[in-house]
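A.B. asks: Need a 3D model of the sequence below.
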Amino acid sequence: MFVAQGLAGSSKPIAYRELNQQIEALLRDERDGLANCANLAALLYQLLPDLSWAGFYFLRGEELVLGPFQGRVACVRIGLGRGVCGTAARERRTIVVPDVHAFPGHIACDARSRSEIVVPLLHGDRLLGVLDLDSPVENRFEQDDAEGLAAAVQLLLAYSDLSRCA
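C.D. replies: Purely as a prediction, here's the structure:
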């Protein structure tokens, strides 16, 4: 049985290195993408400080559809190019938003959200969906988060069959 360990790292790069070691241990013996996304959302929500939401949206046609998550009830469908998730998906790049109220077209699924980071799930050239994290704290996310979460997504993609998810 997997037991999450608190992150003792004194800096974000060290904390993400520790987190990604735990993610690898969590995912390496399971191929089911849905199960792995559910556990990854739970682990991120449990171990990363100041989160109000952690989860996935999967590409279905021209929109993102809600997948496994932790947090309050969320928007179910997001069009490509809409909000932070839809923009990150359309542009196929990680987007860090220090203040969601300053992001043009931000979709307020949770009025408490102040900052957000969205990392696309790319399998080669194919967009599968996005990992989305929200925080009630302004300026919660920065480049170290983008790099650490990109590594986490790569682990998810390496260990998971996401064909049923996207």
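A.B. asks: only C-alpha atoms for contact and neighbour calcs from this point on.
C.D. replies: OK.
A.B. asks: Look up how far residue 26 lies from residue 157.
C.D. replies: 13 Å (C-alpha to C-alpha, to the nearest Å).
A.B. asks: Ignore what I typed, I meant residue 143.
C.D. replies: Using C-alpha to C-alpha, residue 143 is found at 25 Å from residue 26.
A.B. asks: what's the answer for residue 43, then?
C.D. replies: 9 Å.
A.B. asks: Quick check: bridge partners of the most centrally placed residue in the chain?
C.D. replies: Nearest to the geometric centre of the chain sits residue 131, at 2.6 Å (C-alpha atoms, centre = their mean). Per DSSP bridges, the residues bridged to residue 131 are residue 56, residue 119.
A.B. asks: Strands of this structure, residue ranges please.
C.D. replies: 53-60, 63-71, 77-79, 95-97, 115-123, 126-135 (DSSP state E).
A.B. asks: Let me know the angle separating the first one from strand 115-123.
C.D. replies: If I follow you right, that is strand 53-60. 40 degrees (axes from the mean of the first three to the mean of the last three C-alpha atoms, to 10 degrees).
A.B. asks: In CSV, list the C-alpha atoms belonging to strand 53-60.
C.D. replies: Output of strand 53-60 as CSV, limited to C-alpha atoms (Å, rounded to 0.1, in the frame of the first residue of the first chain):
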residue,chain,number,x,y,z
TRP,A,53,-8.5,22.4,-6.5
ALA,A,54,-6.4,19.8,-8.3
GLY,A,55,-7.6,17.8,-11.2
PHE,A,56,-7.8,16.9,-14.8
TYR,A,57,-9.8,17.8,-17.9
PHE,A,58,-9.7,15.6,-20.9
LEU,A,59,-10.1,16.6,-24.6
ARG,A,60,-13.4,15.4,-26.2
